[in-house]
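Enquirer: Sequence first, then the predicted structure, then my questions.
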Amino acid sequence: MSKDFGRPPLAAENRTLVEQRLKEASSGKGVPETLTIEWRTQPLSVEVIDMPVDALYYNPGTHRIRAQRSHDPQRDLLLDEDAWRPEGQDYLHYLLQAQPADPSKRDPDFDALKDSLRDFKQNEPGLITRDGILVNGNTRRAALKELGVTNMRVGVLPESCTWDDINAVELSLQLRPDRRRDYSYINRLLAIEEQQLMGKQLADIARDFHIRVSTCEQDLWILSCLRDLIVRSRDGGTELRLLDFEKQQEKLRELHRRYVKEAAASRDNAELLKEMRLVAIVLNFSKTDVRLIEPDFRIRYLNQRLPEELKTSVSSPSAVAIPGLNRSVASAAPQVAEAKALTDMVLRAKAVEAAEEGNLSERGTAALRVIAAAEDAHESALEPAGKDARVRKRKQAAPDRLADACQDIEQCVTDLVLARGSRSLDEEAFDEAVVNLRATLSKLAHESARSISAPGDGVSWLLEAVRQGDA
């Protein structure tokens, strides 16, 4: 069930005005403007009218700024207590103009929308309830209000509209392929989670969001990880927020893919990989740097570079009891527990840093020291990790190319069979290609003899085959 925010103060006045303008639109000489929406799984055309901009209310449950509401916890609390007070509506107005990843800054996309509305007017109607609550067009209303425009074109939902309908219609409109401004990354994750909590099957959610089921599962896994990080970051009233991860979409998705692959072989290694990459993500290392972190990163590169104050020695019990079930499961390996302890230390420091916003207390200064030490240690460890990765890549280049060539030759065999059946083989061209292959194999044998001191069965066969061919 969606949260019920109640009715705004001017709900009765808005209903009267809406009914009056709907009646005027229906009795007019021209063809009334309509807007087609998805209403309780069926298409529905609703009439469009003009409404005073100042009479409309921002939707406090809009998915567009759901994560950003945590930017100011006190104003967010007031919004939860009474979403229709001027203070709450002003906060929503502020967030609709702000950057999703950093609500303290104005969003250039909002200014672009504002300029478009100034130059070309309103091309597409918004959508309201009969109480005057905006279901679609919240950002446009904010821009029109900034421009001083008095009226806004809006479609009107049926009288029986509920808060569940409001959320469902907003989401269906946003997910249309022709929508110009997508939800921010975190708000999209929250919208997917909301649909799951309402009892929808993943296949249905994936279809609505135009993604695969596996992507839906990935997004829910990522959101679960982020919620866990927020809990672990709590320290004396401070904690990280979901919006702090708005810019980490690609890194988090790569983390999930790598985690799934590693978990198929070793759960402990997968958890170790996850913890170490999450630290690097929280410290805002680049995507290419994060990719260098493998399960052995801590042992091979990081441990010897960590300062003493960041080293953690955690004794992990052999088993962990499950409360209420009288059962136990194996605990995480000690190296996983140590990695988690380092992650927790960095998370708490980042939460303190974000909360103090430059006005550093002694606690904030200590948090900055932890962050700086962790950044330096990771920076130092990533350098040899990068060198080793480049060496491994070079070592694999020649075998990989030969493996690709083998696949091409296998495909050539299939093509030969098909050509023989249809008698379509260009024999002269094929013979010329085989001559080129012989010359290439001769070069390969020559360089293999120079590069490999102790040839194995494969290289020995190649050298002998070329020698006999040249004889």
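Expert: Good, I have the coordinates. Numbers count the residues shown, from 1 in each chain.

Enquirer: now the helices for the stretch 151-300 of the chain?
Expert: 163-174, 185-197, 202-209, 213-232, 249-263, 267-282, 287-291, 297 (DSSP state H, counting those that start in this stretch).

Enquirer: Determine how far the first one lies from the middle of the whole chain.
Expert: I take that to be helix 163-174. 21 Å (CA atoms, centre = their mean, to the nearest Å).

Enquirer: How about it, which residues are buried there?
Expert: 163, 165-171, 173-174 (16 or more other CB atoms under 10 Å). Every C-beta, even on glycine, is put in place using the N, C-alpha and C of the backbone.

Enquirer: Could you count how many residues lie near residue 131?
Expert: 21 (other CB atoms under 10 Å).

Enquirer: since we're on the nearest residue to it once chain neighbours are set aside, how many residues are nearby?
Expert: Nearest-residue entry for residue 131: residue 11, 3.9 Å, with adjacent residues in sequence omitted and distances by CB to CB, 6 or more residues apart in numbering. The burial count assigned to residue 11 is 17, neighbours taken as other CB under 10 Å.

Enquirer: Retrieve the pLDDT associated with residue 11.
Expert: Here the pLDDT value assigned to residue 11 is 97.

Enquirer: can you put the helices of the stretch 151-300 of the chain in TSV and add distance to residue 88?
Expert: As requested, the helices of the stretch 151-300 of the chain are exported to TSV (distance: least, CB to CB, whole Å):
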stretch	distance to residue 88
helix 163-174	16
helix 185-197	19
helix 202-209	29
helix 213-232	24
helix 249-263	29
helix 267-282	31
helix 287-291	38
helix 297	46
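
Enquirer: any chance of the ones you listed in CSV, with mean pLDDT and distance to residue 436 too?
Expert: Formatted as CSV, the helices of the stretch 151-300 of the chain follow (pLDDT from 0 to 100; distance: least, CB to CB, whole Å):
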stretch, mean pLDDT, distance to residue 436
helix 163-174, 94, 56
helix 185-197, 96, 50
helix 202-209, 94, 48
helix 213-232, 97, 43
helix 249-263, 97, 38
helix 267-282, 98, 45
helix 287-291, 96, 38
helix 297, 97, 44
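
Enquirer: Can you tell me which of these is nearest to residue 125?
Expert: Residue 125 sits nearest to helix 163-174 of all the helices of the stretch 151-300 of the chain, at 11.1 Å, using CB to CB.

Enquirer: So what touches the closest one?
Expert: Residues outside helix 163-174 that contact it (CB atoms under 8 Å, 6 or more residues apart in numbering): 1-5, 37-40, 59, 61-64, 127, 129, 133, 135-136, 157, 179, 182-183, 191, 194-195, 208.

Enquirer: and the longest helix for this structure?
Expert: What stands out as the longest helix in the chain, according to DSSP state H, is helix 362-422.

Enquirer: And that helix, what does it pack against?
Expert: helix 267-282, helix 334-356 (3 or more CB pairs under 8 Å, 6 or more residues apart in numbering; DSSP states H and E).

Enquirer: about what we covered before: just the buried members of the contacts of helix 163-174?
Expert: 5, 37-39, 59, 61-64, 127, 129, 133, 135-136, 157, 183, 191, 194-195, 208.

Enquirer: what ranges do the strands span in the stretch 51-200 of the chain?
Expert: 126-128, 134-136, 151-156 (DSSP state E, counting those that start in this stretch).

Enquirer: Using CSV, lay out those together with mean pLDDT.
Expert: Listed next are the strands of the stretch 51-200 of the chain as CSV, based on pLDDT from 0 to 100:
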stretch, mean pLDDT
strand 126-128, 97
strand 134-136, 97
strand 151-156, 98
